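> here you go, sequence then predicted model.
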Amino acid sequence: MQATLERAIAATREAEFATLTPSGQPIANPLFHYFQPGDPSIDVATGLAYPAKAERARANPKVGLLISPAVHAYDPIAMLEQGPPRMDALADSPVIVIAACAAVRDADIQSNTDRYVKLFIAEHPKIGPAWEDVRGMLHYWARIWVECVPAKILYWPTGRVDREAPRVWRAPEDISYPVSDSAPTAPPTPMARWPSEDWRTRAARVLEQFPQPVLTAVDEEGFPLPFPMLAAKLTKTGFNLHLPLHKPWPASGKACLSFGALATFVGTLRGEAFDVARVLGDLPNIFAANDDQLATLRGRLESELQRRGQSMPVARRSSA
């Protein structure tokens, strides 16, 4: 990978991470990514209590990442202190779209937890004095890591996705992609039914806060690639989108429209029309969950540990 491209990836902490369901439906989630120039992979982490995105990546390792100002990861501390972030302009800021092959790491949850706690505390030094109050939130600290090795990168250095064709980087043909840890043999934990609402109600609200959502569709090589839209307008069946000229996939098929941490809609893309099938349920704010939500998350964590034959990890500040 080119040094300038590596620096651009490392300079931005947030990413939109996309995976595919068994039916080929792309689903994107805003996450922090972890990468330093020279690293072989771009890593993301998800909670063991809510492992769906990691399980999708294990079943189909073709994943996608968007790194740009259009992305706002769900930083629980920032969300509590400042509320949802507002959209930044794309112009004059890099837009990086990455098609990658993923490898899931969940064979050692304690090691995963140690790594995540170390990185989290380094990035959120204010949490230090409050560590004793939050160290027991193992439903948050226990993590699955997903290593994403780029196969193809589309890069707009100035972010002008509607005016300029991307620069393209491809991995060497003889590259060897890592393989995921073996999947648990025990039956999966039933999906949690997190609260939601009518998609129209949610759509009208999030458009005011996030007027340029991210659309994820599948490219001709089978990768789900998130890409920033220039604008969106609510319609009776979904959204009418202003698609950039240099989009990375055909403008048709199953797709996902995400508004940062505020909402994610799944549906079908037909040209500039995105027809909504449903809005995904809301994962609780981990640092402000109620007792029922905490009990659900704790139960799911215990179930996922049992599936893997592993004991409850310890969140150790000393690992930082």
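Noted; the coordinates are in hand.
> from now on I want contacts and neighbour counts done on CA atoms only, so please keep to that.
Fine.
> could you pull out the strands for this protein?
Secondary structure of the chain (DSSP state E): strands at 14-20, 26-34, 42-47, 62-67, 95-105, 143-156, 167-170, 214-218, 224-228, 231-234, 238-242, 252-258, 264-270, 273-279.
> pick the most buried one from those.
strand 224-228 (a mean of 32; mean count of other CA atoms under 10 Å).
> partners of that strand in the sheet?
Next to strand 224-228 in the sheet, as set by DSSP bridges, lie strand 214-218 (antiparallel).
> between strand 252-258 and the partner strand, find me the angle.
For strand 214-218 against strand 252-258, the angle by axes from the mean of the first three to the mean of the last three CA atoms, to 10 degrees is 150 degrees.
> still on that earlier bit, want to throw the strands of the chain into a markdown table with distance to Arg200 and mean pLDDT?
Shown next, in a markdown table, are the strands of the chain (distance: least, CA to CA, whole Å; pLDDT from 0 to 100):
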| stretch | distance to Arg200 | mean pLDDT |
| --- | --- | --- |
| strand 14-20 | 23 | 95 |
| strand 26-34 | 19 | 94 |
| strand 42-47 | 28 | 97 |
| strand 62-67 | 26 | 97 |
| strand 95-105 | 29 | 97 |
| strand 143-156 | 33 | 97 |
| strand 167-170 | 37 | 96 |
| strand 214-218 | 18 | 97 |
| strand 224-228 | 21 | 96 |
| strand 231-234 | 8 | 94 |
| strand 238-242 | 8 | 97 |
| strand 252-258 | 14 | 96 |
| strand 264-270 | 10 | 97 |
| strand 273-279 | 9 | 96 |
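> out of the ones you listed, nearest to Tyr116?
strand 143-156 (7.1 Å; CA to CA).
> what helices or strands is the closest one leaning on?
Other helices and strands packing on strand 143-156, by 3 or more CA pairs under 8 Å, 6 or more residues apart in numbering; DSSP states H and E, are strand 42-47, helix 52-59, strand 95-105, helix 109-123, strand 167-170.
> keeping just the C-alphas, turn it into CSV.
What follows is strand 143-156, C-alpha atoms only, in CSV (Å, rounded to 0.1, in the frame of the first residue of the first chain):
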residue,chain,number,x,y,z
ARG,A,143,-14.6,-7.9,22.3
ILE,A,144,-14.3,-9.8,19.0
TRP,A,145,-11.7,-8.4,16.7
VAL,A,146,-12.0,-8.4,12.9
GLU,A,147,-8.8,-8.1,10.8
CYS,A,148,-9.5,-6.5,7.4
VAL,A,149,-6.8,-7.0,4.8
PRO,A,150,-7.4,-4.7,1.8
ALA,A,151,-7.9,-6.3,-1.6
LYS,A,152,-8.8,-3.1,-3.4
ILE,A,153,-8.9,0.6,-2.4
LEU,A,154,-10.6,3.5,-4.1
TYR,A,155,-9.2,6.8,-3.0
TRP,A,156,-10.3,10.4,-3.6
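> can you list the strands that it pairs with?
strand 42-47 (antiparallel), strand 95-105 (antiparallel), strand 167-170 (antiparallel).
> how far does it sit from its chain's centre?
With CA atoms, centre = their mean, to the nearest Å as the basis, strand 143-156 stands 11 Å off its chain's centre.
> same check on stretch 264-272?
For stretch 264-272 - counting by CA atoms, centre = their mean - the centre lies 18 Å from the chain centre.
> again with stretch 242-254
20 Å.
> quick one: Leu280 and Leu262 touch, right?
No. Using CA atoms under 8 Å, Leu280 is not in contact with Leu262; the gap is 10.5 Å.
> returning to that earlier point: same list, the strands of the chain, but as TSV with distance to Asn290 please.
Listed next are the strands of the chain as TSV, based on distance: least, CA to CA, whole Å:
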stretch	distance to Asn290
strand 14-20	27
strand 26-34	23
strand 42-47	18
strand 62-67	32
strand 95-105	30
strand 143-156	21
strand 167-170	46
strand 214-218	30
strand 224-228	32
strand 231-234	32
strand 238-242	32
strand 252-258	25
strand 264-270	22
strand 273-279	22
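> of the ones you listed, which is nearest Gln2?
strand 167-170 (8.3 Å).
> so which of the strands of the chain gets nearest Ser111?
Judging these by CA to CA, what sits closest to Ser111 is strand 143-156, at 9.1 Å.
> right, and Glu147 touches Ala100 too?
No. Contact criterion CA under 8 Å: Glu147 and Ala100 do not qualify, at 9.2 Å.
> neighbours of the closest residue to Arg298 other than its chain neighbours, how many?
Closest residue in space to Arg298, ignoring its immediate chain neighbours: His139 at 5.7 Å, by CA to CA, 6 or more residues apart in numbering. Using other CA atoms under 10 Å, His139 is surrounded by 21 other residues.
> who are the contact partners of His139?
If you count contacts by CA atoms under 8 Å, 6 or more residues apart in numbering, His139 has them with 47-49, 297-298, 301.
> mind putting those residues in a markdown table, distance to Ala273 included?
Listed next are these as a markdown table, based on distance: CA to CA, whole Å:
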| residue | distance to Ala273 |
| --- | --- |
| Gly47 | 33 |
| Leu48 | 35 |
| Ala49 | 35 |
| Leu297 | 36 |
| Arg298 | 40 |
| Leu301 | 39 |
